[in-house]
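Undergrad: My questions are about this predicted structure, shown below with the sequence.
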Amino acid sequence: MDNTPNPNLSPDSNAGPGSQSGAPAEVSIPVTRKKIDFKEVLFSFRNIILSTQNTIGIDVGQGYIKIVQLQKGRGGYLLTDYKVRAIPFKVKDNPKERAKFIKDFISEFIAQSKIKTTLGRLTIKGAGIFVFSFLVPPLSDKDLRGTVGIELKKRLPFQLDFKNIFYNYFVTDKFEEENPSAMVTCIAIDNSSLDKHLEFLKAFNLRPVTINIASDALGNLITAIGSEQITAVLDMGVKQSILNFYKKGLLQFSREVPVGGEQLTQGILKALAPLGVNITFEDAETFKRQCGIPMADDAVAEFYTDFGVVEGGQITTALRPILERLVTEISRTVTYYFRTYKIETIDALYITGGASRMKNIDRFLSANLNNLAIKTIEKLNPLKAIKGWLDTGVFRQELVMEEAAPHLAVAFGLCIDKGGEVNLVPPKEKIEQKALFLMFLARITFPLFLVIILGVYSFIYGRSIILKTIAKRSEVHMANLAPTIKKINDYLVLKSAINEKESLLGRAIGKQPLWWGVLKELSIVTPQEVTLHKLEVKGGTVPREINIKGEVISEYSNLDLAISQYTLNLSESPFFGNVRLVTSERDIYSPVPKANFEIACELKV
């Protein structure tokens, strides 16, 4: 927010060779057919998706233009790109030239951005903007807006037409006492001024997402960082500073402090003037950032410059009136805040803005505001609110980024989440934006949807043709197989008839023993001297009985023994059971010893 140009803060180095990759070089078109570059198609599709997650925040100050592009990710925000550029002295006091310089700079940033987006956010300041805080009784949301409008009308300048005022508000605190009430912060702007800001964004083809004041954007940044409950932020600009007070990130009170970076630079220029006539404002600005405010141990120190040596006492003497006024204004404002809002302690006072880059400004305020109930005084680091850099092109500028960070605090707070508690984009504009977005979405999705429908129809139609062809081939094949199918059907009918007859036969004769096993077993257990003549099976008995008739040839003394041995062999067989000798008769007419026998037994199979 300081007004001295510093080329190091304008990170055009990130534009280097890689920043102009968005403008492809002209090449001659060959006669042969060009192949589709799928990487380029995927890159374009990726940019379309990322464009909805990227937003550009613009903060135009009195001395600097600050632009930030953040991308919202799953784990937080990534810094896509940023630029800080000082407004030259030659155009600063010429409104027409100043507007042209700002427009050209923003257009250049948008043209060189690697990820294109149409989402824009803007901070507003200057005449036509009003910030008030007041107490109201506890009311419903509908009644609260009417009450806020009445209170706002009382506080606005009488010459303003309230019908031409757009306002928004939020509740910062509620008091549960004898007379319950709520503290409301209201931000109002003249419609004509608001329309100019809207047209300013639209001139760069940016859709106004958020329009807010710097004080509320800083509160949003503090919330993102996760700061303490009661905080104050001193935003040091070129002509003046603004001291804001927050409770849990909600703006409660804001007051202008008539001391800015320009007065401090003028004081240092006055101290350096005796060294030579060629000392410029830029030289004093450089000394302010590098040497800053001499502290107690530097009061007798000597500072070496390109123009000579200057003592710390000279710098202190030149800056004393300005710094004393700054301390006095801060003390008065903090005391008023304590008394009005019944606050006892401020957890942290943060210093930001371009003038906060002055060396030792935080140490000086800590030493001279120690009589106030402020726990810590330090410089605000907006980089704590983001996850990191999106690509190495921005990461390489880390040192430059740390120098530019005090300028970018408001822009960071503007791009994170909603950008603050207040959004001054009118409801009519939001409706128009939604309508335009839906039209844009329809223009993109309808052709895509049509292509998908045609693709699905073509696929189904192609499949139907293939299936019809397969069906026709199947019909021809089935016709060729008709004789074979007829034979198969006849075979199945005949087999069914045979199976049925076999079933009937089986039921008629019942279950039969395993005859081949029985006969084989008999051949095994029957000795050589035994000859079988007849086997009889008795039906109708369970288990089946079998009579075995035969003869045995042996010696006279061994005939009975042979028959007994054969009976024992049958008993030991797993096929026969309950083996018993029915008859045994010797053949007296046989020339050799022989006996006829009949054995009865039961079949086990």
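TA: Right, received. Where do you want to start? Numbering: from 1, shown residues only.
Undergrad: Sketch out the helices for the stretch 301-450 of the chain, chain order is fine.
TA: Counting by DSSP state H, counting those that start in this stretch, the stretch 301-450 of the chain has helices at residues 312-341, 361-368, 392-395, 398-415, 427-480.
Undergrad: ditto for the stretch 451-600 of the chain
TA: Assigned helices in the stretch 451-600 of the chain, in chain order: 482-509, 515-525, 559-572 (criterion: DSSP H, counting those that start in this stretch).
Undergrad: ditto for the stretch 101-250 of the chain
TA: Assigned helices in the stretch 101-250 of the chain, in chain order: 141-155, 191-202, 214-225 (criterion: DSSP H, counting those that start in this stretch).
Undergrad: Run through who's touching stretch 97-110.
TA: For stretch 97-110, the surrounding residues in contact (CB atoms under 8 Å, 6 or more residues apart in numbering) are 56, 58, 60, 65, 67, 81, 83, 85, 87-88, 90-92, 116, 203-206. In this view, the C-beta of every residue, glycine as well, is placed from N, C-alpha and C.
Undergrad: Just the buried ones from the residues you listed?
TA: For those, a burial check counting by 16 or more other CB atoms under 10 Å picks out Ile56, Ile58, Val60, Ile65, Ile67, Asp81, Lys83, Arg85, Ile87, Lys92, Phe204, Leu206.
Undergrad: if I pick the second one, what's in contact with it?
TA: So the one you mean is Ile58. Residues near Ile58 by CB under 8 Å, 6+ apart: Ile65, Lys66, Ile67, Ile106, Gly120, Arg121, Leu122, Thr123, Leu201, Ala411.
Undergrad: mind redoing it with 7 Å?
TA: For Ile58, the contacting residues are Ile67, Ile106, Gly120, Arg121, Leu122, by CB atoms under 7 Å, 6 or more residues apart in numbering.
Undergrad: Enumerate the positions of whatever helix or strand the first one lives in that are buried.
TA: By that I understand Ile67. Ile67 is part of strand 64-72 when elements are defined by DSSP states H and E. Neighbour counts over strand 64-72 (16+ other CB under 10 Å) mark Tyr64, Ile65, Lys66, Ile67, Val68, Gln69, Leu70, Gln71 as buried.
Undergrad: Can you pull out the low-pLDDT segments for this structure?
TA: Low-confidence segments of the chain (pLDDT under 70): 1-52, 276-277, 299-300, 389-402, 508-511, 539-540, 556-557.
Undergrad: Give me the buried positions along the host helix or strand of Ala271.
TA: Assigned by DSSP H and E, Ala271 belongs to helix 261-272. Residues of helix 261-272 classed as buried: Gly261, Glu262, Gln263, Leu264, Thr265, Gly267, Ile268, Leu269, Ala271, Leu272 (neighbour count, 16+ other CB under 10 Å).
Undergrad: same deal with stretch 552-567?
TA: Neighbour counts over stretch 552-567 (16+ other CB under 10 Å) mark Val552, Ile553, Ser554, Leu559, Asp560, Ala562, Ile563, Tyr566, Thr567 as buried.
Undergrad: Between the two ends of that stretch, how far is it?
TA: Start and end residues of stretch 552-567 are separated by 12 Å (CA to CA, to the nearest Å).
Undergrad: thinking in terms of the whole chain, how far from its middle is it?
TA: Computed by CA atoms, centre = their mean, to the nearest Å, the chain-centroid distance of stretch 552-567 equals 103 Å.
Undergrad: likewise stretch 470-477?
TA: A distance of 53 Å separates the centroid of the chain from that of stretch 470-477, by CA atoms, centre = their mean.
Undergrad: how about that stretch as PDB, C-alpha atoms only?
TA: Taking C-alpha atoms only, stretch 470-477 is exported to PDB below (Å, rounded to 0.1, in the frame of the first residue of the first chain):
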ATOM      1  CA  ILE A 470     -26.500 -62.700 -36.000                       C
ATOM      2  CA  ALA A 471     -30.300 -63.600 -35.800                       C
ATOM      3  CA  LYS A 472     -30.500 -64.200 -39.500                       C
ATOM      4  CA  ARG A 473     -27.400 -66.300 -39.600                       C
ATOM      5  CA  SER A 474     -28.800 -68.300 -36.600                       C
ATOM      6  CA  GLU A 475     -32.100 -68.900 -38.500                       C
ATOM      7  CA  VAL A 476     -30.200 -70.200 -41.600                       C
ATOM      8  CA  HIS A 477     -28.100 -72.400 -39.300                       C
END
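Undergrad: Numbering from 19 from now on, please.
TA: With the count now opening at 19, the last piece we talked about shows up as stretch 488-495.
Undergrad: Now that stretch: buried residues?
TA: Buried positions in stretch 488-495, judged by neighbour count with 16+ other CB under 10 Å: none.
Undergrad: go on, stretch 530-548?
TA: Buried residues in stretch 530-548, counted by 16+ other CB under 10 Å: Val536, Glu539, Leu540, Val543, Thr544, Glu547, Val548.
Undergrad: ok, the second one - contacts?
TA: Contact criterion CB under 7 Å, 6+ apart gives Ser591, Phe593 as the residues in contact with Glu539.
Undergrad: what does the fourth one give?
TA: Residues in contact with Val543, defined by CB under 7 Å, 6+ apart, are Asn587, Leu588, Ser591.
Undergrad: one more time with 8 Å, if that's ok
TA: If you count contacts by CB under 8 Å, 6+ apart, Val543 has them with Tyr584, Asn587, Leu588, Glu590, Ser591.
Undergrad: how much space between it and Leu459?
TA: Taking CB to CB, to the nearest Å as the measure, Val543 falls 98 Å from Leu459.
Undergrad: where does the residue nearest in space to the middle of the chain fall, helix, sheet strand or coil?
TA: Centroid-nearest residue in the chain: Arg92, 3.1 Å away (criterion: CA atoms, centre = their mean). Going by DSSP: H, G, I helix; E, B strand; the rest coil, the secondary structure assigned to Arg92 is coil.
Undergrad: Need phi/psi at it.
TA: Main-chain dihedrals, Arg92, degrees, to the nearest 10: phi -70, psi -40.
Undergrad: residues touching it, list them.
TA: Arg92 touches nothing, counting by CB under 8 Å, 6+ apart.
Undergrad: 10 Å instead, please
TA: Lys405 (CB atoms under 10 Å, 6 or more residues apart in numbering).
Undergrad: So which of the helices of the stretch 319-468 of the chain has the densest surroundings on average?
TA: Greatest average neighbour count among these goes to helix 416-433 (a mean of 24), per mean count of other CB atoms under 10 Å.
Undergrad: which one of the buried residues of stretch 530-548 sits closest to Thr559?
TA: Comparing those against Thr559 with CB to CB picks out Val536 as the nearest, at 15.8 Å.
Undergrad: That closest one against Glu620, yeah?
TA: No - under the criterion of CB atoms under 10 Å, Val536 makes no contact with Glu620, lying 11.8 Å away.
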